[in-house]
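Asker: Just to be clear, the model below is a prediction. Sequence and coordinates:
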Amino acid sequence: MIYRVYNPSLSGLENEGAYLLMCKEAMPDGLLGLMLGGMIFATASSLNATLNISAGVVTNDIFKRMRPDASEKTLMNVARISTWGFGIMAIIVALLIRSMGGIVNVVISVAALTGVPVYLPVIWSLFSKRQTARTILSATFISLAINLIFKFVTPHFGLALDRTWEMIVGTAVPVILLAGIEVVLKAKEFIAPEYMAYISGRNVRMRQENAGDTEESKRTDRFTQKVLGIGLGLSGMLITVLGFIAEENIVVPVAVGLVVTLIGIYLLILSLRRPL
């Protein structure tokens, strides 16, 4: 936006290079080279971390589950092949960025088409006692398939989605699938075995915690509550003092500081009143 004021002739994808163009105008050659080197190394570091994480997921979460008896040498070879594969895919995507409308369009489209299908089923399963690993994975893969069809296949038949409809489809498809699965499973009065195992394990842990509620744990809880009370009280008093020092709009910081101070004092009193 700042460079457009300096050079309003930018058009098309040229605006994505505005940062480097502005650096070229404002920096001397040596400093410009240093900045470019920093950007390259920062990008390489981020890419290396992403490739390592992706290869680790393929090796440990997928291949090792399919071949639990695989040797360390085999796992290392799988990790190397996965790293090469993801690296080549990243290079291909980078080369196709310009033909796909620029990095901004690619990032927004990918987020719109894959964000909700990937994350919503997992979040949904945290609040549902009927969803299983199979239903969650099914909803994810079906949603991704439908979204990719709308993105890459239907435009060849005259049905191209704009940015708004990409977001609507990317959000609506997984929601409809998960809601439909939830209704069907509820009608069958199905309870996921994973949920029952979680409930059983939680009850066991609660009994163990109640049985192990020793004097040492009570003393630790009291000390933690005391530290929180002192910390909140001091923070609240500092906020209150800063609010009184301000020349204007002192009501909000003073009110917030007093509330935080009172919470800290309350916690401190509770910690002092708890029996040893």
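Answerer: Arrived safely, thanks for sending.
Asker: quick one: the helices in the chain?
Answerer: Per DSSP state H, the chain has helices spanning 2-6, 18-26, 29-56, 64-66, 72-96, 103-126, 133-148, 163-187, 193-211, 215-245, 251-273. These are given in chain order.
Asker: Which positions within the last one qualify as buried?
Answerer: Of the residues in helix 251-273, those with enough neighbours to count as buried (16 or more other CB atoms under 10 Å) are 253-254, 257, 260-261, 263-265, 267-268, 271. Where C-beta positions appear, they are placed from N, C-alpha and C, glycine not excepted.
Asker: repeat for the first one
Answerer: When burial is assessed from 16+ other CB under 10 Å, helix 2-6 yields the following buried residues: Tyr3.
Asker: so what does that helix touch, helix or strand wise?
Answerer: For helix 2-6, the contact count by 3 or more CB pairs under 8 Å, 6 or more residues apart in numbering; DSSP states H and E identifies helix 18-26 as packing neighbours.
Asker: Help me confirm that Leu32 comes into contact with Leu21.
Answerer: No - using CB atoms under 8 Å as the test, Leu32 is too far from Leu21 to be in contact (11.2 Å).
Asker: who's in contact with stretch 116-123?
Answerer: Defining contact as CB atoms under 8 Å, 6 or more residues apart in numbering, one finds that stretch 116-123 is touched by 131, 136-137, 139-140, 143-144, 147, 170-171, 173-175, 178.
Asker: Low-confidence ranges, the stretch 151-276 of the chain, go.
Answerer: Using pLDDT under 70 as the threshold, the predicted model of the stretch 151-276 of the chain has low-confidence ranges 202-220, 274-276.
Asker: what's the neighbour count on Leu21?
Answerer: Number of residues near Leu21 (other CB atoms under 10 Å) recorded here: 15.
Asker: Correction: the previous question concerned Asn105.
Answerer: Using other CB under 10 Å as the criterion, the residues surrounding Asn105 number 14.
Asker: For it, give its distance to Trp165.
Answerer: 14 Å (CB to CB, to the nearest Å).
Asker: do the same with Ala49
Answerer: Separation of Ala49 from Trp165 (CB to CB): 34 Å.
Asker: For the two, indicate the residue with more neighbours.
Answerer: Set side by side, Ala49 and Trp165 give different neighbour counts by other CB under 10 Å, the larger being at Trp165 (14 against 10).
Asker: And that one, how far from Phe150?
Answerer: Distance from Trp165 to Phe150, counting by CB to CB: 8 Å.
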